[in-house]
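Asker: here are the coordinates; sequence isn't available:
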């Protein structure tokens with residue numbers, strides 16, 4: 001099957017930086033869009049930043065100018081560089097991928113990572 005494995009979360013002080021990584025592995029034919037979501041306690045999961053296979057990207061307004069999403073197609077990996085972090089960035093961050101699998105090339109499947117905790121102290 002397919003797995004998304006995230007890494008890079010942790011505790012950081014306000015103003016600091018973290019870099020998240022998410023590697024996709026398994027029966028992958030082609031990865032289309034990837035992205036990062038986050039969910040804070042008591043809140044809905046929100047899309048932070050998507051990136052297409054051609055590296056077209058977008059950001060939720062509250063992270064523009066501070067976060068950068070990128071991907072390495074050769075490694076099936078997506079990154080999220082987070083700078084100038086704020087306490088309100090505290091959340092569980094999830095990686096998402098929409099891809100074509102090797103075992104069924106007739107449709108797109110969506111997969112999620114297990115989530116990684118990011119905590120920003122004030």
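Answerer: That came through fine. This structure is a prediction, so every number in the text was calculated from the model and none was measured.

Asker: What sits closest to residue 60 if chain neighbours are left out?
Answerer: Excluding the flanking residues, the one nearest residue 60 by Cβ to Cβ, 6 or more residues apart in numbering is residue 48, at 5.5 Å. In this view, the C-beta of every residue, glycine as well, is placed from N, C-alpha and C.

Asker: Residue 60: what's it in contact with?
Answerer: 46, 47, 48, 49 (Cβ atoms under 8 Å, 6 or more residues apart in numbering).

Asker: For those, give me CSV that also has neighbour count.
Answerer: Shown next, in CSV, are the contacts of residue 60 (neighbours: other Cβ atoms under 10 Å):
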residue, neighbour count
46, 13
47, 14
48, 23
49, 22
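
Asker: quick check, nearest of these to residue 68?
Answerer: residue 49 (8.2 Å; Cβ to Cβ).

Asker: Mind pulling up the pLDDT for that closest one?
Answerer: Listed pLDDT for residue 49 reads 98.

Asker: What of residue 77?
Answerer: Value for residue 77, per-residue pLDDT: 97.

Asker: Report the beta-bridge partner residues of it.
Answerer: Listed by DSSP bridges, the beta-bridge partners for residue 77 are residue 23, residue 72.

Asker: In this structure it contacts residue 19, no?
Answerer: No. The criterion here is Cβ atoms under 8 Å, and residue 77 misses it with residue 19 at 11.6 Å.

Asker: Name the residue in the two with the higher neighbour count.
Answerer: residue 77 (19 against 14; other Cβ atoms under 10 Å).

Asker: so who does the more buried one touch?
Answerer: By Cβ under 8 Å, 6+ apart, the contact set of residue 77 is 21, 22, 23, 24, 71.

Asker: now residue 48
Answerer: Contacts for residue 48 (Cβ under 8 Å, 6+ apart) come out as 35, 36, 37, 38, 59, 60, 63, 67, 69, 80, 93.

Asker: next one: residue 51
Answerer: Neighbouring residues of residue 51 by Cβ under 8 Å, 6+ apart: 33, 34, 35, 57, 69, 70, 71, 78.
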